[in-house]
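**Student:** need a 3D model of the following:
(2 chains)
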Amino acid sequence: GAVVSQHPSRVICKSGTSVKIECRSLDFQATTMFWYRQFPKKSLMLMATSNEGSKATYEQGVEKDKFLINHASLTLSTLTVTSAHPEDSSFYICSARDRIAHEQFFGPGTRLTVL
Amino acid sequence: AQKVTQAQTEISVVEKEDVTLDCVYETRDTTYYLFWYKQPPSGELVFLIRRNSFDEQNEISGRYSWNFQKSTSSFNFTITASQVVDSAVYFCALSEESTGGFKTIFGAGTRLFVKA
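**Tutor:** Residues are numbered from 1 along each chain as shown, chains lettered A, B, ... in the order given. So this is what the prediction gives:
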């Protein structure tokens, strides 16, 4: 099946710093990429949807200025958590939708810990 | 609006027992997709099955089987002869085109414990 990678897989940072997470579709072009957040023992919550070359669409309650999403190419989307705080600690999962087959594939996730 | 309900928060079974995980969904669309994913402790989602709304045929894959019933808006998942390696969180998900574009939402998940 198609592969989606995320980097880094784990990150620990100090409060107040910004963290960038990359999501790449390795063997297909993704017109749309999605970012999810998962708290411990909770479900995946959709944060935002990004289409290549346009601004991301954020779900209700998600701060646009806090979670900056860039989808500069058909194979790369980035999520930047700005001025991270301990409450931003979570598991972030990206997903990419294949431009041709319209199937959705998930990355392995990035575990963010903010001290 | 989309909604996925997995009423069972946790299920505990003994190895070799059969177990059914329930999923009920809500949607206004006639075209949609339903999924089941497995999430082991590592966190990476493992795709199990995708079903489109026009295909109500039940499916069996090894010890796994799925029962899709549009009349009750349910897409239940059964594991036959469960094994310890089946212990994980299982998510049911629903995808559809909405006004904001294509979107996939997840149920709350069911945590399955299979004891030896």
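
**Student:** who in chain A is up against chain B?
**Tutor:** Listed as neighbours of chain B in chain A under the rule CB under 8 Å from any CB of the partner chain: A:1, A:32, A:34, A:36, A:38, A:41-46, A:49, A:51, A:57, A:91, A:93, A:95, A:97, A:102-106, A:108-109, A:111. C-beta: built from backbone N, CA, C; applies to glycine.

**Student:** okay, and which of the residues you listed map to strands?
**Tutor:** Taking DSSP state E, the ones among these that sit in strands are A:32, A:34, A:36, A:38, A:44-46, A:49, A:51, A:57, A:91, A:93, A:95, A:97, A:104-106, A:111.

**Student:** and those residues, which of them are buried?
**Tutor:** Among these, those classed as buried by 16 or more other CB atoms under 10 Å in any protein chain shown are A:32, A:34, A:36, A:38, A:44-46, A:49, A:51, A:57, A:91, A:93, A:95, A:97, A:104-106.

**Student:** show me the contacts for residue B:19.
**Tutor:** B:11, B:13, B:78-79, B:82, B:112, B:114 (CB atoms under 8 Å, 6 or more residues apart in numbering or on different chains).

**Student:** what sits against residue 84?
**Tutor:** This is for chain A. If you count contacts by CB under 8 Å, 6+ apart, then residue A:84 has A:13, A:15-19, A:112, A:114 around it.

**Student:** you looked at the wrong chain, it should be chain B
**Tutor:** Contacts of residue B:84 (CB under 8 Å, 6+ apart): B:15, B:114-116.

**Student:** which two of those residues have the greatest separation?
**Tutor:** Across the contacts of residue B:84, no pair lies farther apart than B:114 and B:116, at 7.8 Å, counting by CB to CB.

**Student:** in chain B, where is pLDDT below threshold?
**Tutor:** When residues are selected by pLDDT under 70, those of chain B lie in B:99-100.

**Student:** on that earlier part again, mind putting the contacts of residue B:19 into CSV with neighbour count and distance to residue B:98?
**Tutor:** Converted to CSV, these look like this (neighbours: other CB atoms under 10 Å in any protein chain shown; distance: CB to CB, whole Å):
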residue, neighbour count, distance to residue B:98
B:11, 18, 31
B:13, 16, 36
B:78, 16, 30
B:79, 21, 31
B:82, 22, 36
B:112, 20, 30
B:114, 20, 36
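
**Student:** return the distance of the strand ranked longest in chain B from the chain's centre.
**Tutor:** As assigned by DSSP E, the longest strand anywhere in chain B is strand B:88-98. Computed by CA atoms, centre = their mean, to the nearest Å, the chain-centroid distance of strand B:88-98 equals 7 Å.

**Student:** sheet-wise, list the partners of that strand with their directions.
**Tutor:** strand B:33-39 (antiparallel), strand B:101-106 (antiparallel), strand B:110-115 (antiparallel) (DSSP bridges).
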